[in-house]
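Novice: sequence-free structure coming up:
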RNA sequence: UGCGGGGUAGAGCAGUGGCAGCUCGUCGGGCUCAUAACCCGGAGGUCCCAAGUUCGAAUCUUGGCCCCGCUACCA
């Protein structure tokens, strides 16, 4: 199955806020680990995402800052690229929804659905702010609840008494943006006919009950069994976004939930074009054997397990026709490994209260691999987890440094010192040596099994357990004792341990790539395990957008048993990780909840 | 009010019918190559409570208590 194309589709961050550890562990990091693993397996991997640039929140933020939506989105977009590069999130392409290409593909999807009869129009009343000359989403309009009299009810529901409200009965409505009085105006929108698509979506999900996670099934199939799908509006009265591609619909845009998910497809197309292989994207979208994995947070499950499949199903072969290609349906999601949420010190992460650990801020004080390690052992794969600074401190010092980092350091330092930096010839290996190597090599199957099932915590746990096995082996063979009486025996021990470490390096590389690359050089390799990341600028009629890319050229990592030979010249080793001081726990906790 | 998740050793978790496990911490021992790291052993649990099903339940059923999240154009 080496040739199975793997699409790693990653949630699109909304360009309205910085990225915190909950976002990272929820979707971006597991996607990267999964993509790196498959690259080591030699599979044709495409990992794509981008900034979600459109929507009312961004226009309002821009207004508040006296800038344009374009500038507001670009600021966050560029900070995302900075973070992803520093953390080694190896997107083959991280782009944006504000591109000619994405506009074009989105319009084609819209037209494909329309041509196939899955769109309809309907009129409704929406709040209109005369002061700003634009429509406002319900959550930006508040007033007095006509049921309980609370003064701060949203126009669609009252948080005080919990009632769902009818917008036109709200007393003294006012805009949350500027306090002005909005009015209800009739407007017309396009709807996606989910009711008509439901049988096909149910069929799609039922075929995947075996491997979809329970949380995903619950919020998709389970939800549909409880309540049938109804049409959803896919356009909005907005000017910042993708214009509805029809005459007479000026001033209306495709709504973000409809448009942003199309980014997985459009980013694939952009990737192919940037590489001057314009048909390359079809490997992941037209080929039946391709597998696509959508890494998202639990808040996104209905969009990816129900609505996006409905959009793809609804396109039929019409999208390929609009692209000028032979008839093809589009590849449906193979898996949607959605994670739950990560809390922070037992409280929900909240950007507005600054109750968060921000990615870039963290990396200004710590290295990326400790973050990747902690976020993986603590990944909310089956339920909510908690970021706890004391726990971070201990996991770093007592697990990452003590078990794995120390193993590498003790073996390499000892070998480098006593054999002049050359891997000694072990001669014939002893039974205990062979047993240790066999145990570690088995990891290429067991760890792979966990990876394929997207059980990343378990995969990392197994790799770390094997590191412990090597430590035990060393304690028994005790090369530091052997070398005093029988240097040949000591050579067998260190050779065995170094081969084991070289194997573990491969298994751990998807999780902690930076330190594994470094270890890779200590072991005398010249070509890196992975390729390189770079940022470049792309110009089109909408302006300019920066993209993050991954270039696999030069990558030499392979998911296979080490073939290090005796006589190999090693490089001067050093500690892979830093021990943390206990003081950081209180220092970091003191930062929480403070605004600077 | 409704829906969902959860209550297992000091902490964090795994475990969905068959002698209660893992990591960290703790106590004792070993080693000294290594970032006082590594290895071995011990202590420590009424598996929230109650009733029930069963030869047998942490694991299934029912009732109760407690904690958390969500309740939908906050993508």
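Specialist: Okay, I see it. Only a predicted model underlies this, so the values are computations on that prediction, with no experimental measurement involved.

Novice: low pLDDT regions in chain A?
Specialist: Scanning chain A for pLDDT under 70 picks out the ranges A:1-2, A:148, A:157-165, A:595-596.

Novice: Contact residues of the stretch 1-150 of chain A facing RNA strand B?
Specialist: Proximity of the stretch 1-150 of chain A to RNA strand B, by C-beta under 7 Å from any atom of the strand, involves residues A:11-14, A:16, A:52, A:55, A:57, A:126, A:137-139. All C-beta atoms are positioned from the backbone trio N, CA, C, and that covers glycine.

Novice: are any of the residues you listed buried, and which?
Specialist: In terms of neighbour count (16 or more other C-beta atoms under 10 Å), the buried residues within these are A:11-14, A:16, A:52, A:55, A:57, A:126, A:137.

Novice: just to revisit the earlier point, the residues of the stretch 1-150 of chain A next to RNA strand B into a markdown table, with extra columns for distance to residue A:285?
Specialist: Supplementary listing: these in a markdown table, determined by distance: C-beta to C-beta, whole Å:
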| residue | distance to residue A:285 |
| --- | --- |
| A:11 | 19 |
| A:12 | 17 |
| A:13 | 23 |
| A:14 | 24 |
| A:16 | 29 |
| A:52 | 20 |
| A:55 | 26 |
| A:57 | 30 |
| A:126 | 35 |
| A:137 | 32 |
| A:138 | 35 |
| A:139 | 35 |
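
Novice: Among those residues, which one sits closest to residue A:212?
Specialist: residue A:11 (17.0 Å; C-beta to C-beta).

Novice: After the helix or strand hosting residue A:273, which helix or strand is next?
Specialist: Applying DSSP states H and E as the criterion places residue A:273 in helix A:263-274. Beyond helix A:263-274 on the C-terminal side, the first helix or strand identified by DSSP H and E is helix A:282-285.

Novice: Would you enumerate the residues in contact with residue A:385?
Specialist: Residues in contact with residue A:385 (C-beta atoms under 8 Å, 6 or more residues apart in numbering) are A:25, A:340, A:342-343, A:378-379.

Novice: out of the residues you listed, which are inside strands?
Specialist: A:342-343 (DSSP state E).

Novice: Neighbour count added to the contacts of residue A:385, as a markdown table?
Specialist: Shown next, in a markdown table, are the contacts of residue A:385 (neighbours: other C-beta atoms under 10 Å):
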| residue | neighbour count |
| --- | --- |
| A:25 | 26 |
| A:340 | 19 |
| A:342 | 24 |
| A:343 | 17 |
| A:378 | 19 |
| A:379 | 22 |
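
Novice: Please tell me how far stretch A:547-556 is from the chain's geometric centre.
Specialist: Centroid separation for stretch A:547-556 versus its chain: 18 Å, with C-alpha atoms, centre = their mean, to the nearest Å.

Novice: In this structure residue A:240 contacts residue A:57, no?
Specialist: No - Residue A:240 is beyond contact range of residue A:57, at 10.1 Å (criterion: C-beta atoms under 8 Å).

Novice: among the buried ones among the residues of the stretch 1-150 of chain A next to RNA strand B, which are in helices?
Specialist: Mapping those onto helices (DSSP state H) picks out residue A:57.

Novice: From the buried ones among the residues of the stretch 1-150 of chain A next to RNA strand B, pick the one nearest residue A:581.
Specialist: The closest of those to residue A:581 turns out to be residue A:13 (C-beta to C-beta; 32.2 Å).

Novice: roughly how far apart are that closest one and residue A:60?
Specialist: From residue A:13 across to residue A:60, the span is 18 Å (C-beta to C-beta, to the nearest Å).

Novice: domains of chain A?
Specialist: Chain A breaks down by automatic domain parsing into domains covering A:6-111+A:259-339, A:389-525+A:565-583.

Novice: just those: most buried one?
Specialist: Ranked by mean neighbour count, these are led by domain A:6-111+A:259-339 with a mean of 21 (mean count of other C-beta atoms under 10 Å).

Novice: what's the straight distance from one end of that one to the other?
Specialist: With C-alpha to C-alpha, to the nearest Å as the measure, domain A:6-111+A:259-339 spans 20 Å from end to end.

Novice: Also stretch A:312-322?
Specialist: From its first residue to its last, stretch A:312-322 covers 14 Å (C-alpha to C-alpha).

Novice: now stretch A:434-452
Specialist: 27 Å.

Novice: Who are the contact partners of the closest residue to residue A:350 other than its chain neighbours?
Specialist: Once flanking residues are discounted, residue A:350 sits nearest to residue A:356: 6.8 Å by C-beta to C-beta, 6 or more residues apart in numbering. Residue A:356 makes contact with A:20-22, A:344, A:349-350, A:592, according to C-beta under 8 Å, 6+ apart.

Novice: Give me the subset of those lying in helices.
Specialist: Filtering the contacts of residue A:356 for helices - DSSP H - leaves A:21-22.

Novice: between the contacts of residue A:356, which is closest to residue A:471?
Specialist: Of the contacts of residue A:356, the one sitting nearest to residue A:471 (C-beta to C-beta) turns out to be residue A:21, at 29.5 Å.

Novice: Doesn't residue A:8 lie inside a strand?
Specialist: Yes - counting by DSSP: H, G, I helix; E, B strand; the rest coil, residue A:8 is found in a strand.

Novice: Need the nearest residue in space to it, chain neighbours excluded.
Specialist: Per C-beta to C-beta, 6+ apart, closest to residue A:8 is residue A:47, 3.9 Å.

Novice: Quick check: the one you found touching residue A:90?
Specialist: Yes - when contacts are counted by C-beta under 8 Å, residue A:47 is listed as touching residue A:90 (6.7 Å).

Novice: hey, what's in contact with both of these two?
Specialist: Contacts common to residue A:47 and residue A:90, judged by C-beta under 8 Å, 6+ apart, are A:32, A:35, A:550.

Novice: The helix or strand harbouring the last one packs against which elements?
Specialist: Using DSSP H and E, the secondary-structure element containing residue A:550 is strand A:543-551. Helices and strands touching strand A:543-551, as assessed by 3 or more C-beta pairs under 8 Å, 6 or more residues apart in numbering; DSSP states H and E, comprise helix A:69-87, strand A:93-96, helix A:263-274, strand A:532-540.

Novice: quick check, nearest of the shared contacts of residue A:47 and residue A:90 to RNA strand B?
Specialist: Set against RNA strand B, the nearest of the shared contacts of residue A:47 and residue A:90 by C-beta to the nearest atom of the strand is residue A:32 (16.4 Å).

Novice: Confirm the closest one sits in a helix?
Specialist: Yes - checked against three-state DSSP, residue A:32 lies within a helix.
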